[in-house]
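Trainee: I need the structure of the sequence given here:
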Amino acid sequence: MSSGLKVKESAWCKKETEEMESVISFAEIMSEELAEQLEEENASSLDPSIAQYGLSPNELAQCKSDLELARKLQEEFDREYEMSLKSAETKEIRTKIEFGFERYHPSYDSDYDLEEELSEDDEDLREVAIDFLYSRPKDEFPSSGYMRDGSGHLITKHDKEIAERRNSEKVMHLPIDIPTGDVVGEKLSNRVYNKLRNYCKTDQRRNARVKDKDEKATNELSMDKVTRLIIYRFITTGLFDVIGNVIATGKESIVLRAIAHGDGVRLFEEKHCALKVFKMALSEFKNRSEYVQDDYRFKNPRRVLRIWAEKEMVRAGVKCPKPIRLRKHIMIMTFIGSNGIAARKLKDIEWIDQEIIYDTFLQVKEAMIKMFSDCNLVHGDLSEFNILYHENDVYIIDVSQAMDISHPRALFFLLRDINNVLEFFGKLGTKNLPSATELFNEITGLNMDPEKNLVVQVEHFEKDNRNVQLRCDKANPADMELRLYNAEVAETHNDLAEPYN
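Mentor: Reported below is the predicted structural model:
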């Protein structure tokens with residue numbers, strides 16, 4: 001019965017020829033070797049185009065994530081880029097290739113332009129805000145000077161609150177160097193504002209104060225407005241054409257070099273002269289009072305400098321710059337030197353020959369004797385700084401502070417001059433120099449004891465044996481000047497003041 005029929009397969013029956021699936025145990029599932037085998041099978045199933053980037057299946061197996069794979073690829077790209085740069089350098093040897101981090105930075109040019117525009121807009125807004133802040137409406141009062149507020153109270157223009165607000169506005173208009181700070185919106189009492197205003201006025205007066213204003217101080221190396229105007233008049237009259245360099249500066253004056261160019265008609269060759277400008281503000285002359293105090297000629301301070309300038313005109317054979325023209329406190333003198341180069345002072349000369357040194361000392365001694373005996377003057381500041389040496393001749397300069405022998409301390413200044421001269425020539429090793437007492441006696445004609453202290457003897461002489469005639473001359477200076485002038489005119493038969501008038 002069953003031979004002719006096809007028997008259906010049972011769900012529980014299996015063909016003998018059917019392959020049976022291998023049974024895997026739990027231990028095999030947890031095996032690391034089996035896991036690696038499965039990973040290799042998965043890697044072999046990837047796209048074979050990845051191999052062109054130089055990544056082997058082993059390296060791909062090590063990539064646990066997409067991030068690591070991307071890093072590997074990026075490293076290969078960077079390596080290829082650097083190799084291309086190196087090849088370009090080898091091809092073009094002269095070409096210098098530099099690369100850095102600029103390509104990784106964004107461009108900031110547009111940001112700079114934007115910041116400038118924003119800063120300009122901020123400045124404009126700030127100016128508008130400041131103008132609005134300081135342009136607050138002011139309290140206006142009628143001509144009567146009072147008004148009533150909303151509640152009916154009477155308010156005057158002297159109201160305390162209004163005055164305090166007004167004071168804060170006034171403070172903002174004080175000079176900028178007064179550190180008031182920002183007081184906008186603040187209230188200042190009248191007492192505080194008055195103190196600030198008085199301090200401001202005092203500070204301005206202190207800064208604008210001019211020293212020696214009674215004597216019309218000359219600032220900027222004696223070149224004030226009046227001095228420049230006088231020099232300009234000298235130039236227009238043709239005395240000289242150009243003001244050159246500064247020859248010397250002192251505590252009482254400054255000496256400039258003036259040049260008159262040769263024009264072939266009036267003057268055939270270039271001529272040089274010295275322009276001496278007396279300082280009207282003698283702030284550098286600290287011991288000025290020692291020279292002018294008790295001197296009968298220094299009565300009017302407006303005449304002090306003119307008298308000092310006129311002193312240099314009264315010489316009796318003493319070699320010194322010759323005065324050419326005098327106007328107020330400016331004097332034109334002859335130029336001591338050659339080819340526009342001023343003669344050197346004794347301190348600037350390198351002395352070698354002892355005979356020349358001793359001859360120079362004799363000339364200085366002769367000049368001191370003539371100044372005392374013939375001119376009735378004591379230099380007062382004679383030293384190697386105020387003696388010029390030109391063509392083997394000695395010239396005395398800076399006689400402007402010289403004093404008359406009637407001065408109570410004239411002999412003390414003479415003694416100081418003697419010590420300065422002897423000290424200078426003593427440093428040069430000059431032989432046969434006289435002592436201070438011997439030179440003092442030779443100049444003055446007195447008879448001081450060389451064995452005693454010369455300073456003490458001079459003090460006693462000034463106190464006990466001062467010439468009575470000199471005291472009378474000090475009491476009556478005009479009579480003395482007239483007597484000396486008449487005596488000099490009688491000897492020369494000429495008016496001595498005519499060349500300078």
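Trainee: Just to check, Val399 is in contact with Asp381?
Mentor: No - judged on Cβ atoms under 8 Å, Val399 makes no contact with Asp381 at a distance of 9.2 Å. Bear in mind the C-beta positions are built from the backbone N, C-alpha and C, glycine included.
Trainee: With neighbour numbers in mind, choose between those two.
Mentor: More neighbours surround Val399 than the other of Val399 and Asp381, with 24 against 20 (other Cβ atoms under 10 Å).
Trainee: Let me know whether my guess that the more buried one is in a helix holds.
Mentor: No - under DSSP: H, G, I helix; E, B strand; the rest coil, Val399 falls outside any helix and is assigned coil.
Trainee: List phi and psi for it.
Mentor: phi -90, psi 0 (degrees, to the nearest 10).
Trainee: Likewise for Gln354?
Mentor: phi -70, psi -30.
Trainee: State the distance from it to Phe425.
Mentor: 10 Å (Cβ to Cβ, to the nearest Å).
Trainee: and what of Cys472?
Mentor: 38 Å.
Trainee: So if I had to pick from those two, which one is more boxed in?
Mentor: Ranked by neighbour count (other Cβ under 10 Å), Cys472 and Phe425 place Phe425 first, with 21 against 12.
Trainee: How about stretch 416-429, which residues are buried there?
Mentor: For stretch 416-429, burial by neighbour count (16 or more other Cβ atoms under 10 Å) applies to Arg416, Asp417, Ile418, Asn420, Val421, Leu422, Phe424, Phe425, Leu428.
Trainee: before we move on, what about stretch 230-250?
Mentor: By 16+ other Cβ under 10 Å, the buried positions in stretch 230-250 come out as Ile231, Phe234, Leu239, Phe240, Ile243, Ile247, Ala248, Gly250.
Trainee: What ranges does the stretch 251-400 of the chain have for its strands?
Mentor: For the stretch 251-400 of the chain, the strands defined by DSSP state E, counting those that start in this stretch occupy 253-260, 271-278, 323-327, 330-334, 337-338, 341-342, 344-345, 377-378, 387-390, 393-396.
Trainee: Name the nearest of the buried residues of stretch 416-429 relative to Ala342.
Mentor: Nearest to Ala342 out of the buried residues of stretch 416-429 is Phe424 (Cβ to Cβ; 20.1 Å).
Trainee: And for the nearest residue to the closest one once chain neighbours are set aside, the neighbour number?
Mentor: Residue nearest to Phe424 in three dimensions, not counting chain neighbours: Glu384, with 4.6 Å by Cβ to Cβ, 6 or more residues apart in numbering. Neighbours of Glu384 under the rule other Cβ under 10 Å: 19.
Trainee: so where's the stretch 1-150 of the chain uncertain?
Mentor: Counting by pLDDT under 70, the ranges of the stretch 1-150 of the chain that qualify are 1-32, 42-65, 91-123, 126-142.
Trainee: Which parts of the stretch 151-300 of the chain are helices?
Mentor: Counting by DSSP state H, counting those that start in this stretch, the stretch 151-300 of the chain has these helices, from start to end: 160-171, 190-208, 225-236, 288-292.
Trainee: could you redo the ones you listed as CSV and give each row distance to His153?
Mentor: Converted to CSV, these look like this (distance: least, Cβ to Cβ, whole Å):
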stretch, distance to His153
helix 160-171, 12
helix 190-208, 21
helix 225-236, 60
helix 288-292, 68
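Trainee: Mean pLDDT and distance to Gly317 added to those, as a markdown table?
Mentor: A markdown table is the format used below for the helices of the stretch 151-300 of the chain (pLDDT from 0 to 100; distance: least, Cβ to Cβ, whole Å):
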| stretch | mean pLDDT | distance to Gly317 |
| --- | --- | --- |
| helix 160-171 | 81 | 71 |
| helix 190-208 | 82 | 49 |
| helix 225-236 | 89 | 28 |
| helix 288-292 | 49 | 24 |
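Trainee: Quick one: closest of the ones you listed to Asn432.
Mentor: helix 288-292 (33.0 Å).
Trainee: Closest one to Arg327 out of the buried residues of stretch 230-250, please.
Mentor: Phe234 (7.7 Å).
Trainee: Quick check: that closest one touching Lys328?
Mentor: No - here Phe234 does not reach Lys328: they are 11.5 Å apart, not a contact under Cβ under 8 Å.
Trainee: Quick check: the residue nearest to Phe424 touching Lys347?
Mentor: Yes - at 4.2 Å, Glu384 and Lys347 qualify as touching, with contact defined as Cβ under 8 Å.
Trainee: Output stretch 408-426 as PDB, restricted to C-alpha atoms.
Mentor: Listed next in PDB are the C-alpha coordinates belonging to stretch 408-426 (Å, rounded to 0.1, in the frame of the first residue of the first chain):
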ATOM      1  CA  PRO A 408      86.000 149.700  50.700                       C
ATOM      2  CA  ARG A 409      87.000 146.200  49.700                       C
ATOM      3  CA  ALA A 410      89.100 147.100  46.600                       C
ATOM      4  CA  LEU A 411      92.400 146.000  48.200                       C
ATOM      5  CA  PHE A 412      90.900 142.600  49.200                       C
ATOM      6  CA  PHE A 413      89.800 142.000  45.600                       C
ATOM      7  CA  LEU A 414      93.300 143.100  44.400                       C
ATOM      8  CA  LEU A 415      94.800 140.600  46.800                       C
ATOM      9  CA  ARG A 416      92.600 137.800  45.400                       C
ATOM     10  CA  ASP A 417      93.700 138.700  41.800                       C
ATOM     11  CA  ILE A 418      97.400 138.500  42.900                       C
ATOM     12  CA  ASN A 419      96.900 135.100  44.500                       C
ATOM     13  CA  ASN A 420      95.100 133.800  41.300                       C
ATOM     14  CA  VAL A 421      97.900 135.000  39.000                       C
ATOM     15  CA  LEU A 422     100.700 133.700  41.200                       C
ATOM     16  CA  GLU A 423      99.000 130.300  41.600                       C
ATOM     17  CA  PHE A 424      98.500 129.900  37.900                       C
ATOM     18  CA  PHE A 425     102.100 130.700  37.000                       C
ATOM     19  CA  GLY A 426     103.400 128.700  39.900                       C
END
